[in-house]
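1. when you get a sec, could you give me coordinates for this:
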Amino acid sequence: MTSAVHEASSSALGYLFQSQWALLELLRGAEERPDGAISVELHDDVAWDEDGKAVDLLQVKHHLKTARTLGDKDDDVWRTIQAWMDTHVPGDAEGPWLTLVTTQKARPGSAMAALRSGGEGPDVALRLLNAAAAESRARDSA
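-> I've put the predicted structure just below:
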C-alpha cells in the first residue's frame, strides 16, 4: 500500500496537463509560427521558442479541486512570479510574453481577473499585487 506522503498522482496529472497544453499550443500556433518550437520544462513549464530564444513562457497549474479560485495571495501566483523573476529581467519590454494557465478561476476583483481579456488591465493588477505583498505575512512573498 502506498503512503499518502509519497502519493504522486497529482504531480503526474500536472505533468500530463503540461504536455497536453503544449500540444494544444502547438496546434493553435501552427499557422502563425510555422518555424516555432514548443518546449516542456526547458525555459518554463511550456514555452514557445523562436530561433533558440524563448518568446512565450507559460506556467501551467493543474488542480483537482477546480472549484477553488485564484486570488492575489495564493501560492500559484507568487511561485509563478518568482520563477519568472529568477530567469528573466523584470520589466524587460523585449522579454518573453508571460502567461499563467490554470484550472482555477480568477477570483473576482483580483489581479488575475484584472489581467484577463476584458479585465481592468496591468496597472490595476500591479496595484493589487503590491497591496497583497505588503499585507502578506508569508516569508516567500517578501
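
2. can you list the weak-confidence ranges in the chain?
-> Where the chain drops to pLDDT under 70, the residues are 1-9, 66, 139-142.

3. how about 80 then?
-> The model of the chain has pLDDT under 80 over residues 1-11, 30, 64-67, 88-93, 136-142.

4. in it, mark out all the helices, start to finish.
-> Secondary structure of the chain, counting by DSSP state H: helices at 9-29, 75-87, 111-115, 122-135.

5. what comes up buried for the last one?
-> Buried residues in helix 122-135, counted by 16 or more other Cβ atoms under 10 Å: 124-125, 128-129, 132. No exception for glycine: its C-beta is placed from N, CA and C like everyone else's.

6. dump these into TSV; add distance to residue 35 as well.
-> Below are the buried residues of helix 122-135 laid out as TSV (distance: Cβ to Cβ, whole Å):
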residue	distance to residue 35
124	36
125	32
128	38
129	35
132	40
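
7. out of these, who's nearest residue 100?
-> Ranked by distance to residue 100 (Cβ to Cβ), those are led by residue 125 at 11.3 Å.

8. so that closest one makes contact with residue 109?
-> No: assessed by Cβ atoms under 8 Å, residue 125 is found out of contact with residue 109, at 11.2 Å.
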